[in-house]
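A.B. asks: Any chance you can model this:
(chains A and B)
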There are 2 protein chains.
Amino acid sequence: MVMTDDVRASQRKSHFDLPTYLAERQTQVEIALDRSLPVIYPEKIYEAMRYSLMAGGKRLRPILCLATCELTGGTVDIAMPTACALEMIHTMSLIHDDLPAMDNDDYRRGKLTNHKVFGDDVAILAGDGLLAYAFEHVAIETKHVAAENLLKVVAMLGRAVGAAGLVGGQVVDLDCEGKSDVSLETLNFIHNHKTSALLEASVLSGAVLIGAPEDDLQRLSRYAKNIGLAFQIVDDILDITATQEELGKTAGKDLKAKKATYPSIWGLEESRCQAKKLVEGAKAELAIFEDKAAPLVALAEFIIARTH
Amino acid sequence: MVMTDDVRASQRKSHFDLPTYLAERQTQVEIALDRSLPVIYPEKIYEAMRYSLMAGGKRLRPILCLATCELTGGTVDIAMPTACALEMIHTMSLIHDDLPAMDNDDYRRGKLTNHKVFGDDVAILAGDGLLAYAFEHVAIETKHVAAENLLKVVAMLGRAVGAAGLVGGQVVDLDCEGKSDVSLETLNFIHNHKTSALLEASVLSGAVLIGAPEDDLQRLSRYAKNIGLAFQIVDDILDITATQEELGKTAGKDLKAKKATYPSIWGLEESRCQAKKLVEGAKAELAIFEDKAAPLVALAEFIIARTH
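C.D. replies: Okay, the predicted model is just below:
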């Protein structure tokens, strides 16, 4: 052990090729998602579900799940059904969020939103179908995992998307629309639930599948909470600084909707600084895993890199 | 064994007091549902979820689940979390079906529908929240059940509500609205998926929890398919013959929407006759369970009794 931590960290960075890793993992996830949902009668609902599920995106949640499963001693194959379920749940939340009754968005990832193509009724059902299928898929397709661990993952997914997670965050978010006096506490609640809860479930589920010890789960949970919040701060920054073409969705939406955002409370510069601190904190949690954590370290840095 | 089957059947009927049984079970289910979902911050979403979940109804799905669990050797306690999950899923489907983008209904069980009270956005989220919570609840709260069996129940619930079940039936139903040439085959598809799938999951899950043998599951599955279809035929009949007060929801809706129904294909009298045949078939499947099946036999008869 002659290397200092700094040297080790810089070596680790230099050895790990994130773009190649992400491209490989995205391809694996796309293939698994494609196989998970064949089109059968009634075709319209499967086509609507697949339209949004296969619409690209970074596949960050599945990739986090696969990464922590490998980090804690598992394999990609073990975690893939859970990884797909996370993307189904995430996709369902996007379809429902985009509805006219909610955020009323016409574009998502550079394509027309689900309800613009299939109608509001089918979009609601496509979301419901994806949410239900996520649980069926994970329960049926997961192999070589203790049933007790898989049940913990089922509970974790349910909690992350329900009123104690994503849905709860979205309700408070809708309540705050147009309000200029939203507190930092409320803003944190919204994003801890709307964004971080599912990211945390993504990170933890990979480790829970193989029964990782409690202190590893605690570390991964703190890592996830940090990158979840950083992710949201960066999203808020990009809503101001990026163009619609870069985002693949309507830009400047938050400003138009007079939504409280981190930049609206802290300003752009302080928001960037806070996001950076959160990512540093996330990386510090992984120090104990040494080189094995290289993908998760790189993924944390990747979140910040989007602002530059 | 001196009694003939007929005498035994008539004795069984005379000994089993369905109204008392239903009232007791409804109370047990109401108490369990009430406890399952306390109101915490953000109150609005929990209130919206509870508004529909606690709005009464026959609690037929939970009661079927409890009954088959007891029939196959289990207890009410073992099946109660699954029973509650079934009612959460059923409630979610009602909330989303009633939305303006779907059936656009103002009343349900004699009360304003969820979106009329809480708004379309919160109603969508309340449905999502109930669906997600059903899986969390069943995974966390079920005790004394082998984890493998519980995973089968999770998969069964997911399948019953997703595109292979309820959602798939609803999509075909929406497609058929206003069409006068809907075939009996399509009508059967709609109801096998929209109604029977969740009823079948209700009946089977109680037995799957305790690992009932495959031939019992087959029998219960045929029982459930029969009562599911009978239930829908009776619903169609009641839409024509009952008043809004009796139904607790808008009456004559199918006629107004020019929906294909069993009475529109068969006429009222033949529809009643078909429903009766289905119920007789359902009861015949249970003969092997003898007196233990009294609640399920009475429940099958109860479905038909609604038309008189």
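A.B. asks: any low-confidence regions in the stretch 1-150 of chain A?
C.D. replies: For the stretch 1-150 of chain A, the stretches with pLDDT under 70 are A:1-14.
A.B. asks: Relative to chain B, which residue of it is the closest?
C.D. replies: The minimum distance from the stretch 1-150 of chain A to chain B, using CB to the nearest CB, falls at A:E136 (3.0 Å). (Glycine included, C-beta is placed from N, CA and C.)
A.B. asks: Hmm, that residue is touching B:R159, no?
C.D. replies: Yes: using CB atoms under 8 Å, A:E136 is in contact with B:R159, at 5.0 Å.
A.B. asks: Can you point out the buried residues in stretch A:115-122?
C.D. replies: A:115-116, A:118, A:120-122 (16 or more other CB atoms under 10 Å in any protein chain shown).
A.B. asks: now, which of the residues you listed lie close to chain B?
C.D. replies: By CB under 8 Å from any CB of the partner chain, the members of the buried residues of stretch A:115-122 lying near chain B are A:120-122.
A.B. asks: could I get those residues as JSON lines with secondary structure?
C.D. replies: Shown next, in JSON lines, are these (DSSP: H, G, I helix; E, B strand; the rest coil):
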{"residue": "A:D120", "secondary structure": "helix"}
{"residue": "A:D121", "secondary structure": "helix"}
{"residue": "A:V122", "secondary structure": "helix"}
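A.B. asks: all strands of the stretch 1-150 of chain A, in order?
C.D. replies: A:107-108, A:111-112 (DSSP state E, counting those that start in this stretch).
A.B. asks: most packed of those strands?
C.D. replies: strand A:107-108 (a mean of 20; mean count of other CB atoms under 10 Å in any protein chain shown).
A.B. asks: packing partners for it?
C.D. replies: For strand A:107-108, not one helix or strand is in contact under the criterion 3 or more CB pairs under 8 Å, 6 or more residues apart in numbering or on different chains; DSSP states H and E.
A.B. asks: so what strands line up beside that strand?
C.D. replies: With DSSP bridges as the test, strand A:107-108 is paired with strand A:111-112 (antiparallel).
A.B. asks: Pull the distance from the partner strand to the chain's centre.
C.D. replies: 20 Å (CA atoms, centre = their mean, to the nearest Å).
A.B. asks: cool, and stretch A:116-135?
C.D. replies: Its chain's C-alpha centre and that of stretch A:116-135 lie 19 Å apart, by CA atoms, centre = their mean.
A.B. asks: for stretch A:53-66, same thing?
C.D. replies: A distance of 8 Å separates the centroid of the chain from that of stretch A:53-66, by CA atoms, centre = their mean.
A.B. asks: Counting neighbours, what do you get for A:A260?
C.D. replies: When neighbours are counted by other CB atoms under 10 Å in any protein chain shown, A:A260 registers 23.
A.B. asks: I figured it was touching A:N188, is that so?
C.D. replies: No: look at A:A260 against A:N188 with CB under 8 Å: they stay out of range, at 10.9 Å.
A.B. asks: so which residue of the stretch 151-300 of chain A comes closest to chain B?
C.D. replies: For the stretch 151-300 of chain A, CB to the nearest CB, closest residue to chain B: A:G158, 3.0 Å.
A.B. asks: what sits against that residue?
C.D. replies: Taking CB atoms under 8 Å, 6 or more residues apart in numbering or on different chains, we find A:G158 in contact with A:135, B:132-137, B:139.
A.B. asks: who does the lengthiest helix in chain A touch, helix- and strand-wise?
C.D. replies: With secondary structure taken from DSSP state H, chain A has its longest helix at helix A:214-241. Applying 3+ CB pairs under 8 Å, 6+ apart, we find helix A:214-241 packed against helix A:184-191, helix A:197-209, helix A:244-247, helix A:253-256, helix A:262-266, helix A:268-285, helix A:294-305.
A.B. asks: quick one, that helix and helix A:268-285 angle?
C.D. replies: 160 degrees (axes from the mean of the first three to the mean of the last three CA atoms, to 10 degrees).
A.B. asks: Helix A:214-241: which residues count as buried?
C.D. replies: Buried, per 16+ other CB under 10 Å, within helix A:214-241: A:216-217, A:219-220, A:222-239.
A.B. asks: what's the angle from that helix to helix A:184-191?
C.D. replies: Angle between the axes of helix A:214-241 and helix A:184-191 is 100 degrees (criterion: the same axes, to 10 degrees).
A.B. asks: next one: helix A:214-241 to chain centre, how far?
C.D. replies: Worked out by CA atoms, centre = their mean, helix A:214-241 lies 9 Å from the chain centre.
A.B. asks: Kindly report the same for stretch A:121-140.
C.D. replies: Offset of stretch A:121-140 from its chain centre (CA atoms, centre = their mean): 17 Å.
A.B. asks: Please export the C-alpha coordinates of it as PDB.
C.D. replies: Coordinates of each C-alpha in stretch A:121-140 appear next as PDB, following Å, rounded to 0.1, in the frame of the first residue of the first chain:
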ATOM      1  CA  ASP A 121     -57.100   6.600 -22.200                       C
ATOM      2  CA  VAL A 122     -54.500   4.200 -23.700                       C
ATOM      3  CA  ALA A 123     -51.600   6.200 -22.100                       C
ATOM      4  CA  ILE A 124     -53.100   5.800 -18.700                       C
ATOM      5  CA  LEU A 125     -53.600   2.100 -19.300                       C
ATOM      6  CA  ALA A 126     -50.100   1.700 -20.700                       C
ATOM      7  CA  GLY A 127     -48.700   3.200 -17.500                       C
ATOM      8  CA  ASP A 128     -50.800   0.900 -15.400                       C
ATOM      9  CA  GLY A 129     -49.800  -2.100 -17.600                       C
ATOM     10  CA  LEU A 130     -46.100  -1.300 -17.200                       C
ATOM     11  CA  LEU A 131     -46.300  -0.900 -13.400                       C
ATOM     12  CA  ALA A 132     -48.200  -4.200 -13.000                       C
ATOM     13  CA  TYR A 133     -45.800  -6.000 -15.400                       C
ATOM     14  CA  ALA A 134     -42.800  -4.800 -13.600                       C
ATOM     15  CA  PHE A 135     -43.800  -6.800 -10.600                       C
ATOM     16  CA  GLU A 136     -44.900  -9.900 -12.600                       C
ATOM     17  CA  HIS A 137     -41.600  -9.800 -14.600                       C
ATOM     18  CA  VAL A 138     -39.400  -9.500 -11.500                       C
ATOM     19  CA  ALA A 139     -41.300 -12.300  -9.700                       C
ATOM     20  CA  ILE A 140     -41.200 -14.700 -12.600                       C
END
